Structure formats: structure tokens, C-alpha cells
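1. I would like the atomic coordinates for the input below:
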Amino acid sequence: MNSRIAFWNILKKDIRNYYLKPPNISWGIIFPLSWTLMQLIRSPGQNVLELLPGLISMSVLFGTTSMLAVTITFERSGRAFERLLLAPIGLNTMVLAKIAGTVLFGIFNAFVPVIFASFFIDLSAVNWGLALAAVLMIAITSALLGLLIAVSAEQVFEAQTFSNFFRFPMLFLCGLFIPISKLPMFLRPVSYCLPLTYGNDILNGAFRGANNLSFVLSFGVLLAFMAGLFIVCRYNISRKWIL
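-> So this is what the prediction gives:
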């Protein structure tokens, strides 16, 4: 089977069956919007531009990990995933197709707070090319984290529980709303072991010119995380679901 045809059909099926459902579309809008409003109410004197990188990073993280962990686990319980594994397509193609829809959903989530903020502040000075690249890489790494969780979970509630062990520490350790420089010294090394730290730093640079790390370093680390997570996910799928 042609890999491109297989990729497209898996992606189209996931978008139709999961991502275009009204509850998921509304959740993709309401969740980042509610977090944006909460931050604005909590910090009325803070510049919206300072909040945007953290809000975007959080929206992508929660959107991608939630959707992929749930959809993969749901398909496994319904035996739909086994049919994909039996199809005459490469495992790499199948994995990439499964995360592609989640990446698109994460990008959609990312720009809900941006659209909302555009009614209040001028975003003409934002480096949109840099921001789009950062959002894409955050979405891919978060999707692979979601896939890693889904490989280990048997039920949807287990996938959601495992996801929270990754997501909530990242809210506080990756500089989304609390600068890493203000964290206790013993926690700072942990922050630099998390991919979201580097994606959020790129977004800070794109929106405010306030990045702490060089863009080359941040993109390089994110690429390393992407490659490492993909290899681990593929190995776990082969070991747990095939052999």
C-alpha cells in the first residue's frame, strides 16, 4: 500500500471520527479561552503579551496529550488499533499518521488565546514565523508524550491519570507562568530536562524578545526530544503491541 495514501486515510479518519466532533471542537475553544480569562482576572495589571507564551504552551500541551492518549486508548479497547497494526503499512507511517491529527488539533488550540488577545493588544511586532515553528514543535513533542502514555495505559481513565503526572508539573517547572529563575535551585535542572521549557522560551522570544536561551539551542533540544520520543514510542509499540 502506498504510504502517502495510508497516511492520508488514517489522518482523515481520525479527524472525522474524533477531532471534528462538536464536544472536541468546543473543548478546544473553551479550555484555552477559560485559562486566558482566568489569568487575566488573576493578574489584571499584567501585560497580556507576557501571558500569551505560557497560555499557548499550556493549550497545546493539554490539547495534544489529552486527545491522543484518549483516542489511542479508545481504539485499543475497541480493537480498532489492532486492525491498523495488521494493515500492510509501515509502523512509522502509522505512528506519524496517528499523531498528525493531534498536532493539528494542538495548533488549533494554540491560536485560540492569540485570537482572543488580538482584540486587546497589538500583535504586529510578533515574529510569527518563529512562533509557528515553536507551536509546531511543542505540538509534536506533546503528541509523542501522549502516545508514550497511551502505550502504557489500558483504559481511558488510566491514560488521563498518567497524563497529569507529566502535565501539571510542567505548568510550574517550564517557565510558563513562574520564571525558572524564581524556582528553587534544586528544581531548575529538572526544568531544563523538560521539552516544554525550550518551546516556551522560543515563544517568549517570538512574542516579547525575552528568550533566555539561544533559538538554535532550543530548536536543537526540541529536535532531540522529538527523535528520542519517537524512537521510544515505536520501540514500545513493537514490544507491547506486536511481539
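2. so what's the residue count around Leu176?
-> Other residues within reach of Leu176 by the criterion other Cβ atoms under 10 Å amount to 22. To be clear about C-beta, it is placed using only N, CA and C from the backbone, and glycine gets the same treatment.
3. residue contacts, it?
-> Pro53, Gly54, Ser57, Met58, Met170, Leu196, Asn200 (Cβ atoms under 8 Å, 6 or more residues apart in numbering).
4. the nearest residue to the third one once chain neighbours are set aside and Leu52: what is the separation?
-> I take that to be Ser57. Distances taken as Cβ to Cβ, 6 or more residues apart in numbering put Asn200 closest to Ser57, at 4.5 Å, once the chain neighbours are dropped. Distance of Asn200 to Leu52, computed by Cβ to Cβ, to the nearest Å: 11 Å.
5. the more surrounded of these two?
-> Taking neighbours as other Cβ under 10 Å, Asn200 and Leu52 compare with Asn200 leading, 28 against 25.
6. what residues of the one helix or strand the residue nearest to Ser57 maps to count as buried?
-> Per DSSP states H and E, Asn200 falls inside helix 195-208. Buried positions in helix 195-208, judged by neighbour count with 16 or more other Cβ atoms under 10 Å: 195-207.
7. which elements pack onto the following helix or strand past that helix?
-> Toward the C-terminal end, the helix or strand that comes next after helix 195-208 (DSSP H and E) is helix 215-237. The helices and strands touching helix 215-237, judged by 3 or more Cβ pairs under 8 Å, 6 or more residues apart in numbering; DSSP states H and E, are helix 91-117, helix 128-152, helix 195-208.
8. same question for the helix or strand that comes right after the second one, mean pLDDT?
-> The reference is to helix 128-152. As assigned by DSSP H and E, the chain's next helix or strand after helix 128-152 is helix 156-173. Here helix 156-173 scores 76 as its mean pLDDT.
9. quick one: helix 156-173 to helix 195-208, angle?
-> With axes from the mean of the first three to the mean of the last three Cα atoms, to 10 degrees as the basis, helix 156-173 and helix 195-208 are set at 50 degrees to each other.
10. what's the longest helix in the protein?
-> Secondary structure assigned by DSSP state H gives helix 48-77 as the longest helix of the chain.
11. in it, what's buried?
-> Residues of helix 48-77 classed as buried: 48-49, 51-76 (neighbour count, 16+ other Cβ under 10 Å).
12. look up how far Arg239 lies from the residue nearest to Ser57.
-> Counting by Cβ to Cβ, the gap from Asn200 to Arg239 is 32 Å.
13. ok, now Val190?
-> Using Cβ to Cβ, Val190 is found at 28 Å from Arg239.
14. quick check: Leu55 touching Leu33?
-> No. At 9.7 Å, Leu55 does not count as touching Leu33 under the criterion of Cβ atoms under 8 Å.
15. between those two, which contacts overlap?
-> Common contacts of Leu55 and Leu33 (Cβ under 8 Å, 6+ apart): Pro113.
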